[in-house]
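[1] Any chance you can model this:
(chains A and B)
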There are 2 protein chains.
Amino acid sequence: MNFLNEVTHRYPDAVSFAPGRPYDGFFDTEDVFTYLRRYLDHLSAQGAGPEQIRSAIFQYGPTAGQIRELVADSLRKDEGIDVSPASVVVTVGCQEAMFLAVRALISGPEDVLLASSPCYVGITGAARLLDVEVGAVEEGEKGFDCAALEAAIVAERARGRRPRAFYVIPDHSNPSGTTMTLPARLELLDLAERHDILILEDSPYRMVSPGEQLPTLKSLDRERRVVHLGSYSKTLFPGTRVGFVVADQPVVDDAGNTGLLADELARIKSMLTVNTSPVSQAVTAGMLLSVDGRTSELNTRTAAYYGDAMRVTLRELERRFPEDERGPLGISWNEPAGGFFLAVNVPFRADNAALERSAEEFGVIWTPMSYFYPQGGGESSLRLSVSYLSHEEIVDGVDRLARFVRAQTQ
Amino acid sequence: MNFLNEVTHRYPDAVSFAPGRPYDGFFDTEDVFTYLRRYLDHLSAQGAGPEQIRSAIFQYGPTAGQIRELVADSLRKDEGIDVSPASVVVTVGCQEAMFLAVRALISGPEDVLLASSPCYVGITGAARLLDVEVGAVEEGEKGFDCAALEAAIVAERARGRRPRAFYVIPDHSNPSGTTMTLPARLELLDLAERHDILILEDSPYRMVSPGEQLPTLKSLDRERRVVHLGSYSKTLFPGTRVGFVVADQPVVDDAGNTGLLADELARIKSMLTVNTSPVSQAVTAGMLLSVDGRTSELNTRTAAYYGDAMRVTLRELERRFPEDERGPLGISWNEPAGGFFLAVNVPFRADNAALERSAEEFGVIWTPMSYFYPQGGGESSLRLSVSYLSHEEIVDGVDRLARFVRAQTQ
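    So this is what the prediction gives:
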């Protein structure tokens, strides 16, 4: 990623399909004031006096978060995830949630974290901080492969290790753009129960994707096998830096008391960031309150916007690489129905050298897919992100990409 | 700490000398709006257009923080710490800064983190998350003991281990209330240079203490031996959850490039929280701008307030334990000139059982000092925090404490 940042810095005029940043064109800075006021009014309407409201903003606040009820309410309305507020921990973005989960679940050298591969760098980063190795479970053509996961579990057990959790982005995955089918979701839940592992479900792109979405793993979870990692970076805005984790699994602590995994995650958080900024939580809460918890309502426009960007990208790829040329050229791509990313397979090594040539000679930047493979792979594939570019930039960018690909294959 | 929380919960009517929370009586909730606006106006005055301002609030922002210049400016004006903004990383409170420092500096099993003992639970907590043991360097009667640190360094080296860093709160320490003298500060810096270790300086209570303060270790640091851990929780307010770390030490990364330790800390932060909330940073920045970086100006009243609370506490202790009775009773305490805490030595085990009896029968809560000893100690000592109580509560609380102590010694 350092190299990518460096290339981006050196070629500022290149069209960049690299950053997975949300589009901020629909955001109004003044709304931050409105949302903050909205939350203060909410506290007041709930009976809090001026001193209590002052404390809610001024003081540290509870480690697990002071807007857990609103998060739980929103999950019920948006996602059909029906959990108690006590199972929610508000975090400093989803990244902290990942760290807390890995720290809690992988506690000994025999514990194994598995992840669908290619996989989001956030989870491998969190694991790296804790010197935890991530076992890669390769995606198939259609994304998550249940048989591959089961084989990995069996293989780890045979080595005397204990698979504890499996990380996956079921919807419009980062980086590959794949979505898990409903049968695959049910199969995964069944597998988790049979093999006694937890699933770490990360799903930041659902509400910002057009059309109906499949149910989350957590909403289908009858056996408390799913730890749901939540992000508001795409559905509200990244600058709040508020995420959350739902962890309703019962656990017994050192003193023999039964609590929830959420309690254990909060204990870890108390040693990491103490709590999530009450100011940020207040803005987040105000934004949730403004739509009565339905973040889907906030994202009608953004979902359409990203959907259009994906369609334009796919259309331009089809235009620049007519169907009869794709086979001979050795190029192919998938067609995600939502999210920010798609994967393009190319007939050459899509490595740093290729990236540099692409940026320097053709003015187009992308992310080598190999960056996302914890244990190697993806050498002839690249990730395109469509979230931050205008249609004009996409048209221009795909044109440049096509010229680069053709030059590489000559 | 869990037991303490439980006792606090069970005896809500007890006077509690336990929490080290800042007093919020001088804070006005509406100021949050003013500070936020102030920062947006500042960006505008600096030439940022509406879209740039929107991005500064909406997007993720740089991992090392977007208000580094303002933090560095404030450090120069408030503390005589003259460092480049590039050596600053803005963090989610000082707690994250501690975690980053421990993660960066203690990288192998032979690396050792030492800490002045008794010691703040934040640093031992951060170390525990990383399975790092904290080597305790006992304070003497007057606080930090340079000879004890040197002996610890030599002993660790003799065991084949590599002492990397020493954590200390030089001013009005939490928990003991002790302050390092100027000669001790110079001696510590010299020792750090001779033994090639870094000092982790944590000093959140300076600006909220009355009168002139001794210079920070960082302002005396000529050899870049000091990593300065910064908190705004007391000087601004805890709800921003913004802290920082100053790490201007040159380091060579894996690729052979020379950078600053701050760069390495930012890399770690990218895997932990990605960045500190731009909304929180904006409020923090607006508050700094409102006093042109001089947080001391914001804290004239709070410093006087805490100073009064400490004086009332000491006065009441003197009144309840007349001088001629102290020796026979076996009670003594120190007399910090500032900060939130003082240490009381008692002639019995100040453990959880004693705490429970104190809360139940006498209606007064304190913190067993043994909680703060990483490797045992402090069994007959307790910590009183004076930051959050009114004078009436202090008078009442010390009365209750005196009755408890006398009952324990009968």
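
[2] Verify the stated contact: residue A:207 with residue A:300.
    No: with contacts defined as CB atoms under 8 Å, residue A:207 does not count as touching residue A:300, sitting 9.7 Å away. No exception for glycine: its C-beta is placed from N, CA and C like everyone else's.

[3] What residues does the stretch 151-300 of chain A have near chain B?
    Where proximity means CB under 8 Å from any CB of the partner chain, the interface of the stretch 151-300 of chain A facing chain B comprises A:233, A:237-242, A:255, A:268, A:270-280, A:283.

[4] Filter those down to the buried ones.
    The neighbour-count test (16 or more other CB atoms under 10 Å in any protein chain shown) applied to these identifies A:233, A:237-242, A:268, A:270-280, A:283 as buried.

[5] Now go through those residues and say which are in helices.
    A:268, A:270, A:278-280, A:283 (DSSP state H).

[6] I figured residue A:24 hits residue B:59, correct?
    Yes: using CB under 8 Å as the test, residue A:24 is close enough to residue B:59 to be in contact (6.3 Å).

[7] what touches both of those two?
    Shared contacts of residue A:24 and residue B:59, defined by CB atoms under 8 Å, 6 or more residues apart in numbering or on different chains, are found at residue A:237.

[8] if we can go back for a sec, could the ones in helices among the buried ones among the residues of the stretch 151-300 of chain A next to chain B be laid out in TSV, adding pLDDT?
    Conversion of those to TSV gives the following (pLDDT from 0 to 100):
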residue	pLDDT
A:268	97
A:270	96
A:278	97
A:279	98
A:280	98
A:283	98
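
[9] Endpoints of stretch A:154-162, how far apart?
    For stretch A:154-162, the separation between the terminal residues is 10 Å (CA to CA, to the nearest Å).

[10] my bad, stretch A:194-205
    End-to-end distance for stretch A:194-205, by CA to CA: 29 Å.

[11] Give the rounded mean pLDDT of that stretch.
    The average pLDDT for stretch A:194-205 rounds to 97.

[12] Quick check: buried residues in it?
    Residues of stretch A:194-205 classed as buried under the neighbour-count rule (16+ other CB under 10 Å) are A:197-205.

[13] what's the answer for stretch A:65-77, then?
    When neighbours are counted by 16+ other CB under 10 Å, the buried residues of stretch A:65-77 are found to be A:65-68, A:70-75, A:77.

[14] Of these, which belong to strands?
    When the buried residues of stretch A:65-77 are checked against strands (DSSP state E), there are no matches.

[15] which of the residues you listed sit farthest apart?
    A:66 and A:77 (19.7 Å; CB to CB).

[16] Just the pLDDT for residue A:252.
    Reading off the per-residue confidence, residue A:252 sits at a pLDDT of 89.

[17] which residues of the stretch 201-350 of chain A fall in helices?
    A:217-220, A:261-270, A:278-290, A:295-298, A:300-320, A:323-329 (DSSP state H, counting those that start in this stretch).

[18] closest to residue A:338 out of those?
    When the helices of the stretch 201-350 of chain A are compared for distance to residue A:338 using CB to CB, the nearest one is helix A:300-320, at 6.6 Å.

[19] Off-centre distance for that closest one?
    For helix A:300-320, the gap between its own C-alpha mean and the chain's C-alpha mean amounts to 20 Å (CA atoms, centre = their mean, to the nearest Å).

[20] in that helix, what's buried?
    Residues of helix A:300-320 classed as buried by neighbour count (16+ other CB under 10 Å): A:302-303, A:305-307, A:309-314, A:316-317, A:320.

[21] next one: stretch A:48-56
    In stretch A:48-56, the ones that count as buried by 16+ other CB under 10 Å are A:53-56.

[22] Helices - which of the residues you listed land there?
    Among the buried residues of stretch A:48-56, the members falling in helices are A:53-56 (criterion: DSSP H).

[23] Return the residues in contact with residue A:103.
    When contacts are counted by CB under 8 Å, 6+ apart, residue A:103 touches A:130, A:268, B:129.

[24] what are the ranges of the strands in the stretch 1-150 of chain A?
    Remark: strands assigned in the stretch 1-150 of chain A by DSSP state E, counting those that start in this stretch are A:15-16, A:88-91, A:111-117, A:134-138.

[25] domains for chain A, by residue range?
    If the domains of chain A are taken from automatic domain parsing, they occupy A:2-20+A:299-408, A:31-293, with pieces of a single domain joined by a plus sign.

[26] Residue B:352 is nearest to which of the ones you listed?
    Judging these by CB to CB, what sits closest to residue B:352 is domain A:31-293, at 12.1 Å.

[27] Check the offset of the closest one from the chain's centre.
    Taking CA atoms, centre = their mean, one finds the center of domain A:31-293 at 10 Å from the center of the full chain.

[28] what's the neighbour count on the residue nearest to residue A:295 when sequence neighbours are not counted?
    Leaving out its chain neighbours, the residue that sits closest to residue A:295 by CB to CB, 6 or more residues apart in numbering or on different chains is residue A:235, at 4.3 Å. Residue A:235 sits with 23 neighbouring residues when counted by other CB atoms under 10 Å in any protein chain shown.

[29] For residue A:235, grab phi and psi.
    When quoted as degrees, to the nearest 10, the phi and psi of residue A:235 stand at phi -80, psi -30.

[30] from what I can see it touches residue A:208, true?
    Yes: the pair residue A:235 / residue A:208 is scored as a contact, 6.4 Å apart, by CB under 8 Å.

[31] joint contacts of those two?
    The overlap between the contact sets of residue A:235 and residue A:208 (CB under 8 Å, 6+ apart) consists of residue A:299.

[32] nearest to residue A:343, of the helices of the stretch 201-350 of chain A?
    The minimum distance between residue A:343 and the helices of the stretch 201-350 of chain A falls on helix A:300-320, with 11.5 Å, by CB to CB.

[33] and the closest one, what does it pack onto?
    Taking 3 or more CB pairs under 8 Å, 6 or more residues apart in numbering or on different chains; DSSP states H and E as the contact definition, the neighbouring helices and strands of helix A:300-320 are strand A:341-345, helix A:391-408.

[34] What average pLDDT does whichever helix or strand comes after the shortest one get?
    The reference is to strand A:341-345. Toward the C-terminus, strand A:341-345 is succeeded by helix A:352-362 as the next helix or strand (DSSP states H and E). For helix A:352-362, mean pLDDT is 97.

[35] Now do helix A:352-362: which elements does it pack against?
    Contact here means 3+ CB pairs under 8 Å, 6+ apart; on that basis helix A:352-362 packs against helix A:2-10, strand A:364-365, strand A:367-368, helix A:391-408.

[36] Chain B is nearest to which of those?
    Nearest of the helices and strands packed on helix A:352-362 to chain B, taken as CB to the nearest CB: helix A:2-10 at 7.9 Å.

[37] buried ones in the closest one?
    Per 16+ other CB under 10 Å, helix A:2-10 contains these buried residues: A:4, A:7-8.

[38] Repeat that for stretch A:30-41.
    Under the neighbour-count rule (16+ other CB under 10 Å), stretch A:30-41 has A:31-33, A:35-36, A:38-40 buried.

[39] and chain B, which of the residues you listed contact it?
    The subset of the buried residues of stretch A:30-41 within reach of chain B, by CB under 8 Å from any CB, is A:32-33, A:36, A:40.

[40] By mean pLDDT, flag the weakest helix or strand of chain A.
    Lowest mean confidence among the helices and strands of chain A (mean pLDDT, DSSP states H and E): helix A:2-10, at a mean of 89.

[41] Off-centre distance for it?
    Averaging C-alpha coordinates over helix A:2-10 and over its chain gives two centres that are 23 Å apart (CA atoms, centre = their mean).
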